[in-house]
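sequence first, predicted model second:
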Amino acid sequence: MSRPMRPPFRPRPIPLPLQRPLSEADAVDIWIARWLRTRPSELIRRYGCDPRRLYEIWGEERFPGSRAKALETFRSRFPSLTDRIDPGPHARHSKAVHPDQLWLFE
């Protein structure tokens, strides 16, 4: 007689964080994590959000004024790192080739 076959090994799925709307406190923490050079992929896993939500926070389209609150909090928590960060607004850089950049190929 043959033995019954065992089902193949199936790894357990990694539990995702609960999907919930981001709050202003989350936005402040996301700004601080950016200055501490936390990767966006880690923030996406931590908050269980779409990457576009991070860029909406960094562009201050959502939670305007969160950058100023985050900077104040960052200065109180990490006073020795204040001179090592760029607290300026997020600058978007397009990856599309713009006609004004054709001079680079001359």
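Arrived safely. Residues are numbered from 1 along each chain as shown.

any stretches of this structure with poor pLDDT?
Scanning the chain for pLDDT under 70 picks out the ranges 1-18, 94, 97-104, 106.

can you pull the phi and psi angles for the spatially most central residue of it?
The centre of the chain sits closest to Pro40, judged by CA atoms, centre = their mean, with a distance of 3.4 Å. Backbone torsions for Pro40, taken as degrees, to the nearest 10, come to phi -60, psi -30.

who touches it in this structure?
Pro40 is in contact with Pro51, Leu54, counting by CB atoms under 8 Å, 6 or more residues apart in numbering. (Each C-beta comes from the backbone N, C-alpha and C, glycine too.)

how near is it to Arg34?
Distance, Pro40 to Arg34, by CB to CB, to the nearest Å: 8 Å.

and what of Ser76?
Per CB to CB, Ser76 is found 17 Å from Arg34.

tell me which of those two has more neighbours.
Neighbour comparison, Ser76 and Arg34: the larger count goes to Arg34, with 20 against 9 (by other CB atoms under 10 Å).

was I right to think Arg34 contacts Trp58?
Yes: using CB atoms under 8 Å, Arg34 makes contact with Trp58 at a distance of 6.7 Å.

just the CA atoms of stretch 22-30, as CSV, please.
Written as CSV, here are the backbone C-alpha positions of stretch 22-30 (Å, rounded to 0.1, in the frame of the first residue of the first chain):
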residue,chain,number,x,y,z
LEU,A,22,-3.5,58.1,7.7
SER,A,23,-3.8,60.7,10.5
GLU,A,24,-1.9,64.0,11.0
ALA,A,25,0.2,62.2,13.7
ASP,A,26,1.1,59.6,11.0
ALA,A,27,2.0,62.4,8.6
VAL,A,28,4.4,63.9,11.2
ASP,A,29,6.0,60.5,11.8
ILE,A,30,6.3,60.0,8.1
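
for it, buried residues please.
Leu22, Asp26, Ala27, Val28, Asp29, Ile30 (16 or more other CB atoms under 10 Å).

equivalent analysis for stretch 80-94, please.
The neighbour-count check on stretch 80-94 (16+ other CB under 10 Å) flags Ile85 as buried.

give me the residues contacting that stretch.
Trp35, Leu36, Tyr55, Trp58, Gly59, Glu60, Arg67, Leu71, Phe74, Arg75.
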